[in-house]
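S.K.: Quick one, what's the 3D model for this:
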Amino acid sequence: MLNDLPALPEAQWPYADILVRLALSLSLGLLMGLERERRGKEAGLRTFGFIALLGGLGGALGHAFALLILLLVGVLAVVLNLQTLRANEGAELTTSAAMLVTCVAGVLCGQGHTITPAAVMVIATALLTWKERLSGFSMGLTEGEVRSALLLAILAIVIYPALPHGAIGPWGLVEPRAAWVTVILIAGIGFVNYILWKLYGDRGTEISGFLGGLVNSNFTVIELSSRVRAGVANLGTAYRGILLATTAMLVRNAGLLLILAPAALLGSLAAFALMLAVSAAMVLLSYGRRQGLGAQAEKPADIALELPFSLSVALKYGLLFLLLHVLGSVMQREFGDAGFYVVTVIGGLLSSASAVAAAATLASQGALPGSVAGTGAVIASLTSLAFSLSFVLRTRHRGLIGLLAASMAAVAVAGLVGVFTWRWVEPWITPWLPTLLVAPPTPALR
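M.R.: Here you go, the predicted model:
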């Protein structure tokens, strides 16, 4: 009789998969809880671990359970705030928000997501950990810096969608959207670097030199050179700061190539790698002989950089980029690669970032081979390097001039060696590039 009964429905529970999801949610919850526990909060390591596990279970059981658990965590946050208010300790708004973020991240883990909840929790924990530094940074912002950030957002979010698609003009040489994206990219990189300089620039002259070089290498070189001329900075510190400022310029230009035209970076990768290696070796060598160059303690360099972004900066980058873009295209069409290289030299004197961006954009549009654009980026960087040395010559400090002239000459030679090495090996490597650049299929990450 029992065998004649219909079989009851049976739920298959993927134990291994669910355990992995719960383990990830627990790990992320403990990460957040560790920070809260270290600060002595009422909700600490165990509480956040439980919240993340609850979220993971809710995500695994379905949307209804996920919403129910999120509601329960909200009630828990309300109870926590009532308890702290009764104890006259103030509301725990930050901890409450962290609890809700942890629960949502746990729900995502329970649903099978991995990259998204992990990224969210790492960012949220970083915001909690950097409380003092972020608070000090925000209180130290000037009105001009806040306006600068708002202007960058307006130009990126409001102006860009209103620009026309495709090329315009009688010869079709100008693409407004492509040009504006490049302007926003250069200005955005400068803005981020300015923030890093504001946060960490007071750690030492060398760090100030590198971070300042990411924003404006020429201005940083001028500032450090003036400190030597005024007798404020010693020889070794100023030498390392200036060399690191020019190194930062190389890093920024290589980064622009990577973002705008990876093929152009491939054509100049050997040159940039050699230049960075030689520059780093020079800095390390200087640290090894600090006693000979002057090792007394000194106040970090006070580099008064201009605002990270303004309307004048946007117009300057935009007009210079368009000029170099159009002129480079015309010169390359009329006089070949040599004509384009002449334009990159001029661009390197005005703004190496704009010259590199123009070369990369031409390569991405198919108007230039990647190797030619990469070589042009190297030439623009070397031109900017030589232009920076002209500011050092004004100090009339023989020791500093001799050291930097020798170091920059070594960097320039390394760049030229990299360019000619690539030109020599390119015929053998090019046939293999399509195979090497094809990535194997990878499972989709969520």
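S.K.: helix or strand right after the helix or strand containing Glu132?
M.R.: Per DSSP states H and E, Glu132 falls inside helix 131-139. The helix or strand immediately downstream of helix 131-139 is helix 143-154, counting by DSSP H and E.
S.K.: average pLDDT across the very next helix or strand once past that next one?
M.R.: On the C-terminal side of helix 143-154, the closest following helix or strand by DSSP H and E is helix 160-162. Here the mean pLDDT over helix 160-162 is 72, rounded to a whole number.
S.K.: what do you get for stretch 88-98?
M.R.: Over the span of stretch 88-98, the pLDDT mean works out to 80.
S.K.: If you count neighbours, what's buried in that stretch?
M.R.: For stretch 88-98, the buried set under the neighbour-count rule, 16 or more other CB atoms under 10 Å, comprises 92, 95-96, 98. The C-beta positions use only the backbone N, C-alpha and C, and glycine is treated the same way.
S.K.: Pipe the residues you listed into CSV and attach secondary structure and distance to Phe340 per row.
M.R.: Written out in CSV, the entries for the buried residues of stretch 88-98 read as follows (DSSP: H, G, I helix; E, B strand; the rest coil; distance: CB to CB, whole Å):
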residue, secondary structure, distance to Phe340
Glu92, coil, 61
Thr95, helix, 58
Ser96, helix, 58
Ala98, helix, 53
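S.K.: quick check, nearest of these to Val20?
M.R.: Ala98 (24.1 Å; CB to CB).
S.K.: need the contact list for the closest one.
M.R.: By CB atoms under 8 Å, 6 or more residues apart in numbering, the residues touching Ala98 are 32, 36, 48, 124, 128.
S.K.: can you check Leu22 too?
M.R.: Listed by CB under 8 Å, 6+ apart, the contact set of Leu22 reads 53, 56-57, 60, 109-110.
S.K.: just checking, it is part of a strand?
M.R.: No - secondary structure assignment (DSSP: H, G, I helix; E, B strand; the rest coil) places Leu22 in helix, not in a strand.
S.K.: Arg36 is in contact with Thr125, correct?
M.R.: No - proximity of Thr125 to Arg36 does not meet the contact threshold set by CB atoms under 8 Å, at 9.4 Å.
S.K.: So if I had to pick from those two, which one is more boxed in?
M.R.: The residue with more neighbours, out of Thr125 and Arg36 and counting by other CB atoms under 10 Å, is Arg36; that gives 23 against 20.
S.K.: From Arg240, how far off is the more buried one?
M.R.: Here the distance between Arg36 and Arg240 works out to 40 Å (CB to CB, to the nearest Å).
S.K.: got it, and Thr129?
M.R.: 30 Å.
S.K.: So these two - more neighbours on which side?
M.R.: A count of neighbours by other CB under 10 Å puts Arg240 above the other of Thr129 and Arg240, at 24 against 14.
S.K.: so where do the helices sit in the stretch 51-200 of the chain?
M.R.: Taking DSSP state H, counting those that start in this stretch as the test, the helices found in the stretch 51-200 of the chain are 63-86, 93-110, 115-129, 131-139, 143-154, 160-162, 176-200.
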